[in-house]
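Student: Need the 3D shape of this:
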Amino acid sequence: MFDDNGSFLLAMLEFFLFFAWIMILFWVFGDIFRSRDLGGGGKTFWVLFVILLPWLGVLVYLLVRGKGMHERQLEQAKELQAAQVEYIKSVAGSGGTSASDQIASAKSLLDSGAITQAEFDALKAKALA
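Tutor: This is a model prediction of the structure:
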């Protein structure tokens, strides 16, 4: 298959360029569809440009819209982090009750005789911590 070292190195270079193009293509498509400032027509134009002229399309996209790619990626990461924090608070259950609510419910348990004074003090200390 390879006649000499030169053909092997050329094949390696071609493989590297193809792999690099695939990776850039995924980044560019992700950014095109993540972008909120582009309308449907703009997204269609960029997708067709990248598909019809592959190397030129991704390079022009990186030159024209490359600066905003990082900003859009950070914005999406912040949104995902906020959604994760919201989910964790909703699942944890204690995020919705305040310390005064916990102390009031412990006091009602103490008044009803369900817990002792020592248990109430422990719940109160935990709520205030």
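
Student: Identify all contacting residues around stretch 14-31.
Tutor: Residues outside stretch 14-31 that contact it (CB atoms under 8 Å, 6 or more residues apart in numbering): 46-47, 50, 54-55, 57-58, 61-62, 65, 69, 72-73. (Each C-beta comes from the backbone N, C-alpha and C, glycine too.)

Student: And the helix or strand where residue 108 lies, what does it pack against?
Tutor: Per DSSP states H and E, residue 108 falls inside helix 99-112. Here helix 99-112 touches helix 117-128, going by 3 or more CB pairs under 8 Å, 6 or more residues apart in numbering; DSSP states H and E.

Student: Alpha carbons only: can I get the helix it packs on in PDB?
Tutor: What follows is helix 117-128 as a C-alpha-only set of coordinates in PDB (Å, rounded to 0.1, in the frame of the first residue of the first chain):
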ATOM      1  CA  GLN A 117     -36.500  18.800  74.700                       C
ATOM      2  CA  ALA A 118     -33.100  17.400  73.800                       C
ATOM      3  CA  GLU A 119     -34.200  16.400  70.400                       C
ATOM      4  CA  PHE A 120     -35.800  19.800  69.900                       C
ATOM      5  CA  ASP A 121     -32.500  21.500  70.900                       C
ATOM      6  CA  ALA A 122     -30.600  19.300  68.400                       C
ATOM      7  CA  LEU A 123     -33.100  20.100  65.600                       C
ATOM      8  CA  LYS A 124     -32.900  23.800  66.500                       C
ATOM      9  CA  ALA A 125     -29.000  23.800  66.400                       C
ATOM     10  CA  LYS A 126     -29.100  21.900  63.100                       C
ATOM     11  CA  ALA A 127     -31.500  24.400  61.500                       C
ATOM     12  CA  LEU A 128     -29.400  27.400  62.700                       C
END
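
Student: Thank you kindly, that will do.
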